[in-house]
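> Predicted model, plus sequence, below.
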Amino acid sequence: MTTTGSGTTGERTTGEGAGGVAAAGAEESVAEAPGAVASAAEAFGAEESAAEESAAEESAVGASAAGGGGAGQERLRRWRLVLGGDPADGTGHALSGRDAAMDGALTALYGQEDAARTGGRDRSAGLGASAPSVARWLGDIRTYFPSSVVQVMQRDAIERLGLSALLLEPEMLEAVEADVHLVGTLLSLGQAMPETTRETARAVVRKAVEDLEKRLAARTRAVLTGALDRGTRVNRPRHRDIDWNRTIAANLRHYLPEHGTLVPERLVGYGRASRSAKKEVILCIDQSGSMAPSVVYASVFGAVLASMRSISTRLVVFDTTVADLTDRIEDPVDVLFGTRLGGGTDINRALAYCQEQITRPAETVVVLISDLYEGGIRDEMLKRVAAMKASGVQFVALLALSDEGAPAYDRDHAAALAALGAPAFACTPELFPEVMAAAIEKRPLPVPDTA
C-alpha cells in the first residue's frame, strides 16, 4: 500500500507503506501495555485520514489527546512513530528507550527519503555500505518488529539502498530473515557469490524452503491424492467409496416411477491410488529474472509432487537454453542453485523438449510457468501447445506462481493460448493444489476472477 503525505507532515513512505511498518512495530512492542496499540491497519488508516485534515483540526486533536492521560499519550506515541519525528509532525512527543531504538531503525532506512521530501533536512545516519553496521541494523529490526515486517524492511533496504552486494558477505547472511524474496535476490547474484559465502547462502535458502514446505506440502498431498483416487473408477466399490452421482447416472434406466425409487444394478466407485505412477507431470519453468519467486515456489512444489509415488514428475527450467533438473527434484535447494536467473526466453525450445518427454499424453499434465515474453518462434510455440492438447495432454499456463499477483506479461500470447483452450493466469501457492487437482481430473481449471 502506498502512502502520500499532505506536504506539512514528514511521514515515512515506502512502496510497502512505512507507516504500516511503524504502526505494526509499535503494536508489537507495546502489546502488553495498558491502552495497547490498535491494529497496524487501523493506525495506517488513521495516518491517511489525518493527511486530509486541516492544520487547525490536527492541533485540536493533538491538544485533546495530550490532555487525555495515558490513552492520549499512547496515541501521540503511535503518531510519532508513524510520522517520523519531523518538526512539522504536530505531535511534540519525545521517544526514549525501546521506542527511540525502534525509531532509529526506521529512520536509518527511510530517513533518506524523508530528507529529500523535506528539503534536505537529513535526519538519518543511514545504513551506509558497512557490512557490520547493516548486520547490526538487521539484528535490531528483528528485535523490534514481527517477522512479516522484518521481511518488508529487508526488501526495502536491498531495493532502495543497493545492499545486494553486501549479501555476498557471510556475516550479513547470518543476520537476515529468510523469505522468498531474499532467496530470489541470492539466486540472482549467481556466479558473483564467492565460495566462502555459498554455504551460508545455502543454509539461508534451505531455511526458507523448509518453511514453505511445512506450509504447503501436507495440503498439496491431500488434495492431489483425492484427485488421483477420484480419477480411478471401480465397479465393485466398498460402501464408503461409492460415487453416488456417477452411480445414479449409470442406472437412470432402472428408475421405478411407481415406487419413486431407483434400483442400481451397477455401482461406480472411487479407486485407491496405486503405488505405480498413474499421472505424469512436467513443470516447465521460465527462469528469467522477473520470475524469481515463481522459481522458488515451483521448486518446492516439484519436490512435493516427486514425493508422491502415483505421480511421475519432471522439472525443466529454461531461458534461451533448456536444463532438465529432474535428477535434483527431491531437494529444492539443489534445484534452486541449479537455476540461472536472468537472460532471454525461448519458450518454444522449452516446450519442444517437454513434448519429447511425453509418452502417455492422456495421462500427462504440462505446467508452463512463464510471463510469456517469447524470444523464440511464436507460431511454433502455439503449434506445440495445440498439438499437445490435441493428443490429450492437459496444458496449464501460469503467468506466475507467487503471492504477488499477475506480473507484467505478454497479453497477445496469453490471448492466443486462451483461444487454444489454455487460459493463462497468475496462481497463488494456496491455489496451486486445486489447479493441479482439476488438471489431473480433467476438469475446468479454477481460474481466479481478476475483474
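Yep, that arrived.
> Only C-alpha atoms from now on, for both contacts and neighbour counts.
Fine.
> was I right about residue 244 contacting residue 268?
Yes. Contact status for residue 244 versus residue 268: in contact at 7.5 Å, counting by C-alpha atoms under 8 Å.
> any weak-confidence spans in this structure?
1-69, 85-90, 112-133, 135, 162-166, 191-192, 229-236, 270-277, 406, 450-451 (pLDDT under 70).
> if we go to 50?
Using pLDDT under 50 as the threshold, the predicted model of the chain has low-confidence ranges 1-11, 13-20, 22-67, 114-125, 129, 273-275, 451.
> For it, identify the residue most remote from the centre.
With distances taken as C-alpha atoms, centre = their mean, the residue sitting farthest from the centre of the chain turns out to be residue 258, at 58.1 Å.
> a strand runs through it, doesn't it?
No. When classified by DSSP: H, G, I helix; E, B strand; the rest coil, residue 258 is found to be coil rather than part of a strand.
> Report the separation between it and residue 167.
For residue 258, the distance to residue 167 equals 79 Å [C-alpha to C-alpha, to the nearest Å].
> next one: phi and psi at the residue farthest from the centre of the chain?
For residue 258, the backbone dihedrals are phi -70, psi -20 (criterion: degrees, to the nearest 10).
> Any figure for the gap between it and residue 106?
Noted for residue 258: a distance of 78 Å to residue 106, by C-alpha to C-alpha.
> Can you check my assumption that residue 247 lies in a helix?
Yes. Judged by three-state DSSP, residue 247 forms part of a helix.
> Any idea what residue 425 is bridged to?
Here residue 425 shows beta-bridge partners residue 398, assigned using DSSP bridges.
> pretty sure it is touching residue 398, no?
Yes. Residue 425 is within contact range of residue 398, at 5.1 Å (criterion: C-alpha under 8 Å).
> How about residues contacting stretch 323-330?
Applying C-alpha atoms under 8 Å, 6 or more residues apart in numbering, the contact partners of stretch 323-330 are 299, 302-304, 306-307, 313-317, 334-335, 338.
> Mind checking which of those are in helices?
Judged by DSSP state H, helices contain the following of the contacts of stretch 323-330: 299, 302, 303, 304, 306, 334, 335.
> what's near enough to touch the last one?
With contacts taken as C-alpha under 8 Å, 6+ apart, residue 335 has the following neighbours: 299, 325, 328, 329.
> let's go with 6 Å and repeat that
By C-alpha atoms under 6 Å, 6 or more residues apart in numbering, the residues touching residue 335 are residue 328.
> From residue 139, how far off is it?
Taking C-alpha to C-alpha as the measure, residue 335 and residue 139 are separated by 30 Å.
> next one: the second one
Plainly put, residue 302 is 33 Å away from residue 139 if you go by C-alpha to C-alpha.
> And the fifth one, by the same measure?
Between residue 306 and residue 139 the distance is 37 Å, computed by C-alpha to C-alpha.
> of those two, who's got more company?
Just comparing residue 306 and residue 139: by other C-alpha atoms under 10 Å the higher neighbour count belongs to residue 306, 20 against 17.
> Would you confirm that the more buried one contacts residue 313?
Yes. With contact defined as C-alpha atoms under 6 Å, residue 306 and residue 313 form a contacting pair (5.5 Å).
> Export the contacts of stretch 323-330 to CSV and append columns for distance to residue 158.
CSV is the format used below for those (distance: C-alpha to C-alpha, whole Å):
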residue, distance to residue 158
299, 24
302, 29
303, 29
304, 31
306, 34
307, 35
313, 35
314, 34
315, 30
316, 29
317, 26
334, 25
335, 24
338, 23
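> chain center to stretch 300-317, what's the gap?
Using C-alpha atoms, centre = their mean, to the nearest Å, the mean C-alpha position of stretch 300-317 is found 20 Å from that of the whole chain.
> Great, nothing more from me.
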